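In: From the sequence below, what's the structure:
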Amino acid sequence: MATTDDDTRTRMTFLEEVKSAVTPRAALMVVGVLGLMVAFITSYAGAFHHPKPTDVPLGVVAPAQTGGRLVAQLDRLPGSPLDPRAVASERQARRQIRDRTIDAALIVDPRGTTDRLLVASGGGASLSQAVELVVRAAEKSQRRTVRTVDIVPAAGGDARSLTSFYLVVGWCVGGYLCAAILAISHGARPANGARAVIRLAALALYAVVAGLAGAIVVGPVLGALPGGICALWGLGALIVFAVGATTLAFQALLGIIGIGLAILVIVVFGNPSAGGAYPYPLLPPFWRSIGPALPPGAGTWAARSVAYFPGRAMTAPLLVLAAWAVGGIVVTLVLATLRAKDDGGARAPA
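Out: Numbering: from 1, shown residues only. Got it, this is the predicted structure:
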């Protein structure tokens, strides 16, 4: 069948419309989104598909004549689920659990066959349950039984001690969305240092409000988390600002693509490695190693410390969050200043 000139013009017009609707830049961004999706699925499935305890710090309180042998036996369990160490007394074991030095403690009764396992479900219910299963099986092989005592239980409104994790995830989402909106509104890269300072100041104000809002919701409104509202407020403000400043820095470096990089770091890698649904000893090695160094992981650990462990073991996560915040500020300001100089130099000859 013959093709008329009108048909040819129609087909060419359609192809031109396709090229206009889906530009090469848009196509590249779609490919990038596809890559993020695959990374998201891989990261979450890789972190959560087979949780198992590995080297969980366990205190052992036992008589001197049997304590060393018991620690050695627990240390040789297949798969190395526990990292046992002798503790002098039950009082010291309880203090180490509350200091987050150890995750559980086995108190051996030399006069009977029933021992006690001290756990802290406030630090993660799934971890407490995993340790209980391992210790119970080990005790059964020695014809002994174990009774679990939760000395730091999760609050009634904090199912499986997940509220801290979801609170931090919400703060992180708010941080990078605020930074993205600031960029989309008038260019991903700030035109000069003054505009970069204004964006950072706006982000700081937003972080203060967002931190307070999150603390109020999980505290007075829902009663999901114990702990002081002021401590959670300050932590939330730091998390939101750290994530937002990091996103601004990525945008200053890569433009709009920086938003995708922020999602990759915070959501794809940060959330599954945060120790929320499964605390660090239950995660595979890669996620267990990167989690504490990323904002979601540092924030989740700190939020649980505020809620259940009177602010113990918070120095390292606070330093991590501060490093992300300061790094974001420095990169954003330096790149904005350099860009302003380059633009000024380019305009000078004209």
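In: Give me the number of neighbouring residues for His49.
Out: When neighbours are counted by other Cβ atoms under 10 Å, His49 registers 8. From N, CA and C alone the C-beta is placed, and that goes for glycine too.
In: Need phi/psi at it.
Out: Listed backbone geometry of His49 is phi -70, psi -20, with angles given as degrees, to the nearest 10.
In: Also Val60?
Out: Backbone torsions of Val60, given as degrees, to the nearest 10, read phi -130, psi 120.
In: For the helix or strand where Trp324 lies, give the mean pLDDT please.
Out: Trp324 belongs to helix 315-347 when assigned by DSSP states H and E. Taken as a whole, helix 315-347 has an average pLDDT of 86.
In: can you map out the helices along the stretch 101-250 of the chain?
Out: Counting by DSSP state H, counting those that start in this stretch, the stretch 101-250 of the chain has helices at residues 125-141, 163-185, 193-216, 229-254.
In: Make JSON lines out of those and add mean neighbour count and mean pLDDT.
Out: As requested, the helices of the stretch 101-250 of the chain are exported to JSON lines (neighbours: other Cβ atoms under 10 Å; pLDDT from 0 to 100):
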{"stretch": "helix 125-141", "mean neighbour count": "18", "mean pLDDT": "96"}
{"stretch": "helix 163-185", "mean neighbour count": "22", "mean pLDDT": "93"}
{"stretch": "helix 193-216", "mean neighbour count": "19", "mean pLDDT": "94"}
{"stretch": "helix 229-254", "mean neighbour count": "25", "mean pLDDT": "96"}
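In: Could you export these as TSV, including distance to Ala262?
Out: Shown next, in TSV, are the helices of the stretch 101-250 of the chain (distance: least, Cβ to Cβ, whole Å):
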stretch	distance to Ala262
helix 125-141	28
helix 163-185	5
helix 193-216	13
helix 229-254	4
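In: and the residue positioned nearest the centre of the chain, what does it touch?
Out: Nearest to the mean C-alpha position of the chain, by Cα atoms, centre = their mean, lies Pro296 at 2.2 Å. Residues in contact with Pro296 (Cβ atoms under 8 Å, 6 or more residues apart in numbering) are Val168, Val169, Cys172, Ile266, Gly270, Asn271, Ser273, Ala274, Gly276.
In: Tell me which two in those residues are the farthest apart.
Out: Ile266 and Gly276 (13.5 Å; Cβ to Cβ).
In: Which one's more surrounded, those two?
Out: Gly276 (28 against 24).
In: correct me, but the more buried one touches Phe165?
Out: Yes. Judged on Cβ atoms under 8 Å, Gly276 makes contact with Phe165 at a distance of 2.8 Å.
In: Now do the shared contacts for these two.
Out: Common neighbours of Gly276 and Phe165 (Cβ under 8 Å, 6+ apart) are Thr300.
In: Of all the helices of the stretch 101-250 of the chain, which one comes closest to Pro292?
Out: Here helix 163-185 is closest among the helices of the stretch 101-250 of the chain (Cβ to Cβ), at 13.2 Å.
In: Check which helices and strands the closest one is in contact with.
Out: In terms of contacts (3 or more Cβ pairs under 8 Å, 6 or more residues apart in numbering; DSSP states H and E), helix 163-185 is packed against helix 193-216, helix 229-254, helix 257-263, helix 295-308.
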